[in-house]
Each structure stands twice: as structure tokens, then as C-alpha cells.
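# Attaching a predicted model along with its sequence, questions to come.
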There are 2 protein chains.
Amino acid sequence: MPKMGQAAARKRAFVEAAIASIHKKGIVALTMADVAREAGVSAGLIHHYLGSKDQLLHATMRHLLHELQQILKHRLSRAKNPHKRLEAIIESNFTSEQMRPEVVSAWLAFYVQAQRSDSLSHLLHIYSRRLQSNLTAGFAAHDMPLARARIAAESTAALIDGFWLKAVLVEGVMNHKHAVKVLKRHVAQQIEEASATGIA
Amino acid sequence: MPKMGQAAARKRAFVEAAIASIHKKGIVALTMADVAREAGVSAGLIHHYLGSKDQLLHATMRHLLHELQQILKHRLSRAKNPHKRLEAIIESNFTSEQMRPEVVSAWLAFYVQAQRSDSLSHLLHIYSRRLQSNLTAGFAAHDMPLARARIAAESTAALIDGFWLKAVLVEGVMNHKHAVKVLKRHVAQQIEEASATGIA
DNA sequence: ATCTTTTTATTGATCACTCAATCAATAAAA
DNA sequence: TTTTATTGATTGAGTGATCAATAAAAAGAT
């Protein structure tokens, strides 16, 4: 069935297969043969399209970041007031796509991988800063002093990561809806507390 | 130099070497030869004392949990009032020992490993529940309704993990002292907010 | 004290196996 | 007929684990 110009679609399929395989076998035991089997192709084909195991994993990690960014961008564009924008940021991190067990496993593998790769840790840095600045802007729009907005953003970002990590580790215990509820509560609390001390 | 009854000390040394090696080469690329080199012994000796690579890693992970528990126990025993106990819990997670780059790397590897091992995920479950219950007790002692104490404990636990994860990923950006400061601030805020709405 | 015997510690070579990567061969489009 | 897609066998570099061999201490015997 060989057709031409399938490179992009093939790569995407291999990245999906990599995510599924990471979930099934774990990043430590993962082999190219696993990914090939998952994708239903021969062992050599992945090398033909992606060069090496390292490049496959890099492409996979970039895919994860890109997907999250797309979701975030989409939801932010639909949020009109600052408060909705804060909620959009929270919700983007707990969509059903982001909470898929395969995706969650792949993100954790990403974190492990990022410790040993300058380019991956650089991507993570950029994403982290963007999240921080989005949150800060959201809080600052609530008549909050910048310094306070920064701390509110920092704790909110940490809460997102913390809830997400709990979802990874104790699968089933933490459900998305609860995490989102507590997070929104935290955001509201930050805003209220700031306005209260602002008046006092 | 062979002396007798050195088994315990040897095992401990190998666990330390494993932690250092995980930091240097990463959990994915880690080999027994790496650990042996780090410990300054031959390849076979680790098998003699610990059986297999899997058992070495398990021992390493149990060591990490045990150390954290010891620190926590010690600090809790010195904290007299409930508020000090809450602070002790927070500080235990950000001691200089816990924030050592080698230890931090090993914890992340632990999380990855726990996803594929029932016994490790069980240990993590137990620790997680104990932390939750310690925090809940601390909050509940501040005239806080139990339901509210539980949520305060939940968010505090998530914040601890979130800050810790940031320390892993963007090494250097997040320093312990700042994390502890923000966390204590969060705890105070939870208590204040509860007493405020309790009066209203 | 000195000499055996037993037990423990340690090494390094070796084995069986797995993996990522390569490549010639084939098949199907263009 | 040139280019692209795909396979599957092969290669060569490790890997975890085993094991015989050695060395050193401990225990026992006289």
C-alpha cells in the first residue's frame, strides 16, 4: 500500500504508538520493537522516518507540549474576562485528553527525559514561563499588586502540577473534576484574600 | 580487606551509589556496571549482596521513603502546637537532604518505577495517606470543620508536590526557602479563611 | 602461638540474550 | 524507470546475571 507524501501522517502515527507503548511497558523497558508492533509496522520503518530512538522520543515529547499548547490557546481565545481566562488555564491542564492514562504516563517519561536533554528542558522552561505569565496576567487583572499576582500565579501553577502528579501516582484516587474544583476554589481565594487585605 | 558482618553497611553503600548513578546517567540508561563503578567495586559484588538490579532499585526506593519518614518523625516530635506541626511537615519535604540533586533525581525515578511495581505503588499509597492525615489533623486542630480541613490538607499536599516537581524540572530556579515561605503562607491563608467564614 | 579448616568477600571472565541500527531486497507508486 | 515505501534478516555493541577462582578473615585444634 505504499503511497507518497505520507511522511507527516506516518510520523504522527509513530508518535501515538510511542505514547501507547510508554504506557504499556514504561519508558525504561521501551524498545523500538514495541513501538513498531503497536504501530503495526516492521522494526526498521520507524528508523526510516525518524532516524533514531532518541529522535522518536523527542518528537513524542514535542507532540505532548504542542497538544497542550493548542488546547490552551483554543480555550483562552474563548474566554472573555480575566477570571474566565484563569479558569481556562486550569481546565486546559485537566481535559480528558490530558488525563488519558497513556498521555499521563508519557508526560512523566517526558520529565525524566528532560533531565538529560538540553533541548527538552529548554522547551519545558519556555512552557513554564508562559504558564506563569498567563496566570500572573490573569491575577493582575483583578486589581492585584504585581508582586502578589506573581505569588498567586506561582502557587496556582504548583497546585496544577501537584494535582496532576497525584493523578499519575495514585491512579483513580484523584479525579479531574475534583482537582479542577479545588483549583478554582484556590484561585477565588487568592483574589478574595488580596482584595480583603487591599481594603484593610 | 574482607571483614565480616558488613552486609548492612555494604547494602547501604550500594544504595547510595545507585542514587548517585541515577543522577549521573538517568534511570533509563542506568547499568549495574555504573553503580559498581560508583561504589568502587567489581560488577558481580552488587548481585552478591542484593540479588538483582530490580532488588537494588527497590532497596533504593525504600531507602528514600524511609529517610523522609525519619526526618518527618523527628521534626514532628519536636513540634509542640498544631501550627508548628504543620510547618514541620512542610519543612521536612524541603530539607537540604531532600533537595540534594541526587536525591531529587532518584525520587523522580522512583515515581516512574512505582507505575510498574505493585509493591512500590503500595508504599507510595501508604505514605500519601499518612501525609494527608497528618495535614488534616493539623488543620482540624485550628477549629476547622473536618471537611474543610481535608480540602486544606489536599491542596497543601499538592502544593508540596508541585513545588518539588518544579525544583526537579527547572533546577536552580526554585529554591527551598522560597517554596517553604509560600507554603507556610498558604497554610496560614487556609486557617484565616476558615475562621473568617466561620464567623460570618 | 601456630597450623588447619571453614566461612565470607571479592574479582573478573564468561554466557545467553536483547537491543538499536543498518542494509540489501522487494514492492508499489509516480 | 526512477523514486519512495517497506520488510526482515543481520550486525555489533552492550546488558544482567552466573560462577569458578582467589583472598582474607574467623573459628577451631593442638
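Cool, the structure landed.
# Okay, A:Ala167 and A:Arg12: tell me how far apart.
25 Å (CB to CB, to the nearest Å). The way it works is simple: take the backbone N, C-alpha and C, and place the C-beta from them, glycine included.
# What of A:Ile19?
Counting by CB to CB, the gap from A:Ile19 to A:Arg12 is 11 Å.
# Need the overlap of contacts for the two.
Counting by CB atoms under 8 Å, 6 or more residues apart in numbering or on different chains, the residues touching both A:Ile19 and A:Arg12 are A:His63.
# Those two: which is more packed in?
Neighbours per residue, other CB atoms under 10 Å in any protein chain shown: of A:Ile19 and A:Arg12, the larger number sits with A:Ile19, 22 against 12.
# Ramachandran angles for A:Ala17?
Main-chain torsions, A:Ala17, degrees, to the nearest 10: phi -60, psi -40.
# Please apply the same query to A:Gly40.
Dihedral pair for A:Gly40: phi 70, psi 30, per degrees, to the nearest 10.
# pLDDT wise, what is it at?
A:Gly40 carries a pLDDT score of 97 in this model.
# ok, it to DNA strand D distance?
7 Å (CB to the nearest atom of the strand, to the nearest Å).
# where's A:Ser144 relative to A:Ala194, distance?
Residue A:144: Met, not Ser. Taking CB to CB, one finds A:Met144 at 5 Å from A:Ala194.
# Can you work out which residues contact both of the two?
Residues within reach of A:Met144 and of A:Ala194 at once, by CB under 8 Å, 6+ apart, are A:Ala152.
# Comparing those two, which shows the higher neighbour count?
A:Met144 (22 against 19).
# didn't that one look like it was pressed against A:Ala152?
Yes. With the criterion set as CB atoms under 8 Å, A:Met144 and A:Ala152 qualify as a contacting pair; they are 6.8 Å apart.
# Which residues are in contact with each of those two?
A:Gln190, A:Ile191, A:Ala194.
# Go through those residues and flag which are in helices.
Judged by DSSP state H, the subset of the shared contacts of A:Met144 and A:Ala152 located in helices is A:Gln190, A:Ile191, A:Ala194.
# Tabulate those residues in JSON lines, adding columns for distance to B:Leu124 and pLDDT.
Formatted as JSON lines, those follow (distance: CB to CB, whole Å; pLDDT from 0 to 100):
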{"residue": "A:Gln190", "distance to B:Leu124": "30", "pLDDT": "95"}
{"residue": "A:Ile191", "distance to B:Leu124": "34", "pLDDT": "95"}
{"residue": "A:Ala194", "distance to B:Leu124": "36", "pLDDT": "82"}
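# Name the nearest of those residues relative to B:His178.
Proximity of those to B:His178 (CB to CB) peaks at A:Gln190, which lies at 17.2 Å.
# How is chain A divided into domains?
Residue ranges for the domains of chain A, per automatic domain parsing: A:1-51, A:65-196.
# ranking those by burial, who's on top?
Comparing the domains of chain A by mean neighbour count (mean count of other CB atoms under 10 Å in any protein chain shown), domain A:65-196 comes out on top with a mean of 18.
# Report whether that one contacts DNA strand D.
No. Using CB under 7 Å from any atom of the strand, domain A:65-196 stays clear of DNA strand D, with a minimum separation of 14.3 Å.
# Is that domain in proximity to DNA strand C?
No. Using CB under 7 Å from any atom of the strand, domain A:65-196 stays clear of DNA strand C, coming no nearer than 13.3 Å.
# mind listing what A:Val104 touches?
A:Gln98, A:Trp164, A:Ala167, A:Val168.
# and the next element down the chain from the helix or strand containing A:Gln55?
Element membership for A:Gln55, per DSSP states H and E: helix A:53-78. Reading on from helix A:53-78 to the C-terminus, the next helix or strand found by DSSP H and E is helix A:82-92.
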